[in-house]
Structure formats: structure tokens, C-alpha cells
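>>> requesting a structural model of the entry that follows:
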Amino acid sequence: MTLKKLIASVLARSPLPSVTRRAHRRQLSILMFHGFASGALRPFENLEHKHLEVAKWRMFAGWLAQKYRVIPLSEAVDCLERGKSLPDYSLCVTMDDGFRSTHDLAFPVLKELAMPASIYLATAFVDETRPIWVDRVSYSLIQAGQGYAELRAAKARLKNQSQDQIEQAVAEIERQTGHAMPLNVNDPSMPATQRSLDWDQIIAMRDSGLVEFGSHTCTHRIVGRCSREVALDELRHSRRIIEERVGGRCDLFCYPNGTPGDFTDESESLAREAGYRATLTTVPGWNAANASPFALRRLGVNNELNLTRFQLMVSGVMARLEGYGT
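Numbering: from 1, shown residues only. All right, here's what the predicted structure looks like:
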């Protein structure tokens, strides 16, 4: 056992997780997932660990069902808007992008546990089966033999550029490497992890009463790095598509990338103008009972976590040790 695993094991057996979980009991916890996977994956499918093995998902979700009151995000937002106290140990499950695995692998577990969740759709990914630009970069670089460090560095550079520059840079990466992801993510040559939901699957999850849907823009553009006109179009058009195809109101929004700079005060103003009543970020932490529903914090879950580390993260132990979330 490595020193890190030994420390995690000792902490998990100590009273600390119960203490920190209790300290956060009146705050809203929101977890962020992406895709899910079964079986062995090739490097380009999961080099950044965002596709969670379904066996881990089952363990994680089972533990959440025991320790937390998992509620729909819309219910949590109702409480925040009205200044109403959240139920103790409130937690929301969110899933970004709209990968098909949320239906095929995650949804059966949600049904078994009667656990609600919200899924944020990049509508061009779902409606047009167009690959998300971050996945195009991963595909090109990894197929060209680049490793994890190089991929992270490339994406970090891209995410600090304007959206127009990003799109040009992605095309240039594809040209230089000679590797371009197929323009249809549901092409038979594509692995299951890369495929998008279809509307029939989305409607089936909606009809279960467990899953609600929000917007993640049309093309996964970073809203805070777009012009006002482009950002507002992404916010409005994606919302309109979801309302037309799913029915009901779509008033929950999730920022692509979601770190400071990827959203701004103007982004919040645009989200309000486009008809949203809550926005999610990737800033780690918890949300106080008096928090604004805009710029909500989340805790990211990836496939590097085992059950022990997941429990320490969600309970708040890792936040205490690493100094985030306050």
C-alpha cells in the first residue's frame, strides 16, 4: 500500500469524515459527473479520467444513498430562491455534456436507488451528434502519441483563448497530427464512451421522474470568452431546443469548463436574460443556505477516485487538508 493510500485509509476509519460531513450538513453539496464506462478503455477514451467505471458508480451512489438526502437540483434552487432552509445533508447529482452512457450505465443505478439527477446537454452534441471540441483535442493528440501532461497543457492553453481562437487552434491541431475525430460521434467506429444521448433516451429518463435536463450551451463554448451576441445565442438556442424536444421549462444552466474567467458578472446577466434561474460552475466547494443560485459550486468526481477517496472528498476531509471550498 502506498503512503497516500495508507493515509486515506486511516483518515476514512477516523471520526474526521463524520465530523466534516456534519459541519457541511446545512450546506448544499453538488457532485459533478461526466460519462461512465464498462470494461477496459483505450487511452484516448479516458486519459483524463472523466468516464467513471460503472462498478465505482454503483458503489459511490450506494454510499450517497446511505449518507445524504439526494434531491433534484431544481428543488434545491427553489429553497435558495425562497430563502427556505435546505434539508440537512442535501446533495445533488449532476452530469455534464450528454454522453449516452448516462442512460446506458448510470440511469439503471439511479432507478434502483430512486435517486434523482440532472443532466446538462450540449445540444449540438446531442441534436447533431457533433463532437465536443475538448474531445476532438483529446482524440487528435492521444492518437498522435501525446501523453497526459501534453494533453493537459494543450487544453489549458486553449481554454485561455477566445472561442474563435479555440476553434481555429483545434482545427490546426487536427491538421498537424493528421488525426481528426469523426464528425458524427455515433459513427460505428467510435467507442461507446464518446457517443451522445438521443432524444428517445432523454425522454425515457425524463418520464422516470428521476432525471431533469438543463443546458450546457449548444457547442460547449466557454461563455465568458465569447462575444455578448454569441454567448446569448448559445444560452437561448440551447434552451429552446431542450424545451421543444423534452417539454417543460429548461431553466438550469451549466457553464462549460466553469472556472473563474469562464464565467463573469456579464455571464450571469446573460443567463438571467436568457431565462435561467440557476447556473453551475466547476469551482470546488459547497453552497451555503443563503447562496445565490447563480455560480453554484460543485465537487468533481472522476475515475481516479476509489470509494475511500470519494468518501473523504464528499465528506469534506480533503477540502480541509487541501484548503479549497471555503
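
>>> what number of residues lie near residue 176?
11 (other Cβ atoms under 10 Å). Where you see a C-beta, it was placed from the backbone N, CA and C, and this is true even at glycine.

>>> confirm that it sits in a helix.
Yes - Residue 176 sits within a helix when classified using DSSP: H, G, I helix; E, B strand; the rest coil.

>>> so what's the residue count around the closest residue to residue 34 other than its chain neighbours?
Residue nearest to residue 34 in three dimensions, not counting chain neighbours: residue 50, with 4.1 Å by Cβ to Cβ, 6 or more residues apart in numbering. Other residues within reach of residue 50, judged by other Cβ under 10 Å, total 24.

>>> give me the distance between residue 50 and residue 226.
23 Å (Cβ to Cβ, to the nearest Å).

>>> now residue 97
18 Å.

>>> repeat that for residue 103.
30 Å.

>>> list the buried ones in the helix or strand harbouring residue 200?
Element membership for residue 200, per DSSP states H and E: helix 199-207. For helix 199-207, burial by neighbour count (16 or more other Cβ atoms under 10 Å) applies to 201, 202, 205, 206.

>>> what's near enough to touch the closest residue to residue 16 other than its chain neighbours?
What sits nearest to residue 16 in space, not counting adjacent residues and going by Cβ to Cβ, 6+ apart, is residue 317, at 5.5 Å. By Cβ atoms under 8 Å, 6 or more residues apart in numbering, the contact list for residue 317 reads 11, 16, 17, 20.

>>> enumerate every residue touching the third one.
Contacts for residue 17 were tallied using Cβ under 8 Å, 6+ apart; they are 11, 311, 312, 315, 316, 317.

>>> again with the last one
Residue 20 makes contacts with 315, 316, 317, 319, 320, as judged by Cβ under 8 Å, 6+ apart.

>>> returning to what we had before: the more surrounded of residue 97 and residue 226?
Between residue 97 and residue 226, counted using other Cβ under 10 Å, the more crowded position is residue 97 (24 against 21).

>>> counting neighbours, what do you get for the residue nearest to that one when sequence neighbours are not counted?
Excluding its sequence neighbours, the residue lying closest to residue 97 (Cβ to Cβ, 6+ apart) is residue 122, at 5.5 Å. Residue 122 has 26 neighbours, counted by other Cβ under 10 Å.

>>> which stretches in the stretch 1-150 of the chain count as strands?
29-33, 35-37, 51-53, 69-70, 90-97, 117-121 (DSSP state E, counting those that start in this stretch).

>>> kindly reformat those as CSV containing distance to residue 241.
Shown next, in CSV, are the strands of the stretch 1-150 of the chain (distance: least, Cβ to Cβ, whole Å):
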stretch, distance to residue 241
strand 29-33, 22
strand 35-37, 21
strand 51-53, 25
strand 69-70, 28
strand 90-97, 15
strand 117-121, 8
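
>>> and of those strands, who's closest to residue 177?
Counting by Cβ to Cβ, residue 177 lies closest to strand 51-53 out of these; the figure is 22.0 Å.

>>> can you list the strands that that closest one pairs with?
strand 35-37 (parallel) (DSSP bridges).

>>> quick one: distance of the partner strand to the chain centre.
Distance, stretch centre to chain centre, for strand 35-37: 12 Å (Cα atoms, centre = their mean, to the nearest Å).

>>> same question for that strand, mean pLDDT?
The pLDDT scores in strand 35-37 average 96.

>>> centroid residue for this structure?
residue 96 (3.5 Å; Cα atoms, centre = their mean).

>>> doesn't residue 121 make contact with that residue?
No - contact criterion Cβ atoms under 8 Å: residue 96 and residue 121 do not qualify, at 9.1 Å.

>>> right, and out of the buried residues of helix 199-207, which lies closest to residue 67?
Closest approach between the buried residues of helix 199-207 and residue 67, by Cβ to Cβ: residue 205, at 24.4 Å.

>>> next one: that closest one, what pLDDT does it get?
Residue 205 is assigned 98 on the pLDDT scale.

>>> thinking again about what came up before, what's the pLDDT at the residue nearest to residue 97?
pLDDT at residue 122 comes out at 98.

>>> that one is in contact with residue 221, isn't it?
No - assessed by Cβ under 8 Å, residue 122 is found out of contact with residue 221, at 9.2 Å.
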